[in-house]
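> Kindly generate the corresponding structure for this input.
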Amino acid sequence: MTAHLEAHEGGKHYMNRNSNLAEILSGARVGQGHKYFDASLNSHHAFFCGDLNYRVVLPEKEIDQEEHKRIVRDMVEKEEWSALNDYDELGQALTKKECLNGFMTLPCHFPPTFK
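This next block holds a predicted model:
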């Protein structure tokens with residue numbers, strides 16, 4: 001499945017991304033009463049791809065502050081991939097089961113492709 005989720009920083013946008021993923025999976029069911037085909041359960045493996053727009057959120061930092069952006073850019077320049085993965089919103093959401101329950105993501109060991 002592919003998606004282009006809501007962008008921007010902040011809790012409201014994070015919750016909307018999670019909600020959008022649930023809505024997409026719900027819409028993957030077709031047939032009367034959804035009993036004929038469920039794309040999310042039809043295979044042994046399912047992949048979610050696209051621009052999911054999850055952010056890196058540092059603890060105790062407002063996500064839209066210039067300082068936050070500077071710290072994250074410094075971490076990227078220093079290739080601190082482990083720490084960046086720890087602060088990844090999607091990874092945190094999966095751990096807390098706030099979206100895509102049962103899915104997993106692999107750690108990234110490369111710079112972000114945007115900002």
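> check contacts around residue 2.
Neighbouring residues of residue 2 by Cβ atoms under 8 Å, 6 or more residues apart in numbering: 48, 49, 50. Backbone N, C-alpha and C define where each C-beta goes, glycine included.
> Please identify the helix or strand for the residue nearest to residue 83 when sequence neighbours are not counted.
In this structure, residue 83 finds its nearest non-sequential neighbour in residue 75, 6.0 Å apart by Cβ to Cβ, 6 or more residues apart in numbering. Using DSSP states H and E, the element containing residue 75 is helix 66-77.
> Centre of the chain to that helix, how far?
20 Å (Cα atoms, centre = their mean, to the nearest Å).
> tell me which residues in that helix are buried?
68, 72, 75, 76 (16 or more other Cβ atoms under 10 Å).
> Name the nearest of these relative to residue 113.
Lowest distance from residue 113 to these (Cβ to Cβ) belongs to residue 76, with 11.2 Å.
> Spell out which residues sit in contact with the closest one, please.
Residues counted as contacts of residue 76 (Cβ under 8 Å, 6+ apart) are 84, 111, 112.
> Can you give me the buried ones in the following helix or strand past the helix holding residue 75?
Downstream of helix 66-77, the first helix or strand assigned by DSSP H and E is helix 81-86. For helix 81-86, a neighbour-count test (16+ other Cβ under 10 Å) marks 84, 85 as buried.
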